[in-house]
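# prediction below, plus the sequence it came from.
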Amino acid sequence: MTSVVDDDFLPGEPEGRLERGELRGDVPAALRLGAILAVAGLPLGALWALLAPDVYVVTLPGGGTGSPAGEADHAFDAVAIHLLMIAAFGVVAGAVAWRRRHRRGPVVLVGVVAGSLVGAWLAGRVGALLAWASSPVPVLVDPSAIGTSGAPGAPVPAVLTGLPASPGPWWIALIAGLGAALTYVLAAIVDGHEDMGRDAA
């Protein structure tokens, strides 16, 4: 007894699956993208060093030190500027990687995340190296205005020094990798195709 089986019920090859050869071909592209992103961190760090505000400290003749009002906010501003720049760097990196239609896939995703992480880490290190301190300047200050003991309204000679800005802890670089990964994955979800709309190379 023979039976006729409809072809629609036969298991077929899953659509959208990348072949092993295609994945291997994506490796050089992912390495190039990662290297470009790592190098892009160098000018990013230099830009942060130009934008980050200095934190000024006043040194009194007796050896006491203090900060003028609002200077503590500048330390936070420097870290916040760095964080926002790193986050934007990751999002742009993920968007640029997604635009490479013929290389869309998991290999490029790993490459863009790794490159963003390295680039963001380099940006922090370069920014910390290029952030400069201003030369000491002699000033007259009211000791009570900088949080030290002293009679209000009696200015004393002191030295005002600008400390170099700090980009913050190293783990801020993780924000870039997270931004790149989220951008790439969200673009793939919005695309909706099983092959992510990948074009033939």
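Looks like it came in fine.
# quick one: distance of the helix or strand harbouring V96 to the chain centre.
Under the criterion of DSSP states H and E, V96 resides in helix 71-99. Computed by CA atoms, centre = their mean, to the nearest Å, the chain-centroid distance of helix 71-99 equals 5 Å.
# before we move on, what about stretch 158-167?
Worked out by CA atoms, centre = their mean, stretch 158-167 lies 24 Å from the chain centre.
# got it, and stretch 187-196?
25 Å.
# same deal with stretch 173-189?
With CA atoms, centre = their mean, you get 12 Å for stretch 173-189.
# equivalent analysis for stretch 125-132, please.
Computed by CA atoms, centre = their mean, the chain-centroid distance of stretch 125-132 equals 15 Å.
# also stretch 158-178?
With CA atoms, centre = their mean, you get 12 Å for stretch 158-178.
# and it, what's buried?
158, 160-168, 172-173, 175-178 (16 or more other CB atoms under 10 Å). Glycine gets a C-beta too; all of them are placed from N, C-alpha and C.
# next SSE downstream of the helix holding V96?
helix 106-130.
# what is the mean pLDDT for that next one?
In this model, helix 106-130 has a mean pLDDT of 94.
# who are the packing partners of it?
With contacts taken as 3 or more CB pairs under 8 Å, 6 or more residues apart in numbering; DSSP states H and E, helix 106-130 sits against helix 20-51, helix 71-99, helix 173-191.
# before I go, just wanted to say thanks for your time.
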